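Peer 1: I need the structure of the sequence given here:
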Amino acid sequence: MMVLSHGLSSYVCGRVAMPALRRVSPLSPGTMSWAFALGAMMPDGDILTRAVLGRSAYFSTAWYGHRQFSHSILGTFLLTGLLAAGGFAAVQRRRGVGRRALAWLWGCLWCGGLLHLAGDLPTPGRPLPLFWPLAERFGSWSHIGWFTPYLWWMFLTAVLAAAALRWGGGRLVARGWFRAGIAVAGAAWLVYAAAAYRWVQYLVTTRYESAAQYAALQARLLPEPLVELSGRWVHAAWQWLAG
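Peer 2: Modelled structure (predicted):
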């Protein structure tokens, strides 16, 4: 999946888990949700290799190449730890946040990174070095899990719809309609849960057979204008990566 799709998928999964997490975490639901999203985008930070060292380094098997160190359990742990430490240091100066909050922030970021790996494992092409620096690789099961227009638009629609429901529920509560407001805001969780379920179902059930089969599947799932718009984005990104 495209890096933003990874971020959106983990944001959605974080929101699904939020009713349980918010009971024990020192962090706000918003902070935890965005930590899930940012952590999920961290593995694709290896794009810096393409920008600094060029195409050959990016597609190499060196530790700094794409789907190498950054796409491992250890890599996601260390990369999200750096991000957590930086965010913790910045916030601590202003608010005196404790170490428990740092641990929770790191945990949410790392969960996002692991969800990124879960999204990449089924895809054909290059299997992942999950236990780097060990050489064994896993995944590449020829399911469709990398960027697809359908997943991008599905996640974006779910996030926007849920945000609208949460906003509407808050407005109703502010006007004194507590039960209605809580019900409307609670419906947002159902939207997140449905999107997370559909993501997992899509990864498990879809198969990649050929470029034509892949294109036909997207055409069945989305209106043609959305498929074409997304295709232009992917083509432009691929030209830069492979050029």
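
Peer 1: tell me who's in contact with the spatially closest residue to Arg137 that is not a sequence neighbour.
Peer 2: Using CB to CB, 6 or more residues apart in numbering and skipping residues adjacent in sequence, the residue nearest Arg137 is Pro127, 3.8 Å away. C-beta coordinates here come from the backbone N, C-alpha and C atoms, glycine included. Each residue near Pro127 by CB atoms under 8 Å, 6 or more residues apart in numbering is listed here: 121, 137-140.

Peer 1: buried ones among those?
Peer 2: Buried by 16 or more other CB atoms under 10 Å: 121, 137, 139, out of the contacts of Pro127.

Peer 1: now render those residues as TSV, adding pLDDT and secondary structure.
Peer 2: TSV is the format used below for those (pLDDT from 0 to 100; DSSP: H, G, I helix; E, B strand; the rest coil):
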residue	pLDDT	secondary structure
Leu121	90	coil
Arg137	95	coil
Gly139	88	coil
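
Peer 1: could you say what helices and strands whichever strand or helix holds Leu165 packs with?
Peer 2: For Leu165, the host element (DSSP states H and E) is helix 149-174. Using 3 or more CB pairs under 8 Å, 6 or more residues apart in numbering; DSSP states H and E, the elements in contact with helix 149-174 are helix 3-21, helix 178-205, helix 211-221, helix 224-242.

Peer 1: just say which of those helices is most tucked in.
Peer 2: For those, average neighbour numbers computed from mean count of other CB atoms under 10 Å are highest in helix 3-21, which has a mean of 22.

Peer 1: report the angle between it and helix 149-174.
Peer 2: 40 degrees (axes from the mean of the first three to the mean of the last three CA atoms, to 10 degrees).

Peer 1: the helix or strand following helix 3-21 - what's its average pLDDT?
Peer 2: The first helix or strand that comes after helix 3-21 along the chain, using DSSP H and E, is helix 29-41. On average, the pLDDT along helix 29-41 is 94.

Peer 1: how about stretch 52-67?
Peer 2: The average of the pLDDT scores along stretch 52-67 is 88.

Peer 1: how about stretch 13-21?
Peer 2: The average pLDDT within stretch 13-21 is 95.

Peer 1: repeat that for stretch 155-173.
Peer 2: Rounded mean pLDDT across stretch 155-173 is 92.

Peer 1: other residues contacting that stretch?
Peer 2: With contact meaning CB under 8 Å, 6+ apart, stretch 155-173 is reached by 5, 8-9, 11-12, 15, 178, 180-189, 191-192, 194-195, 199.
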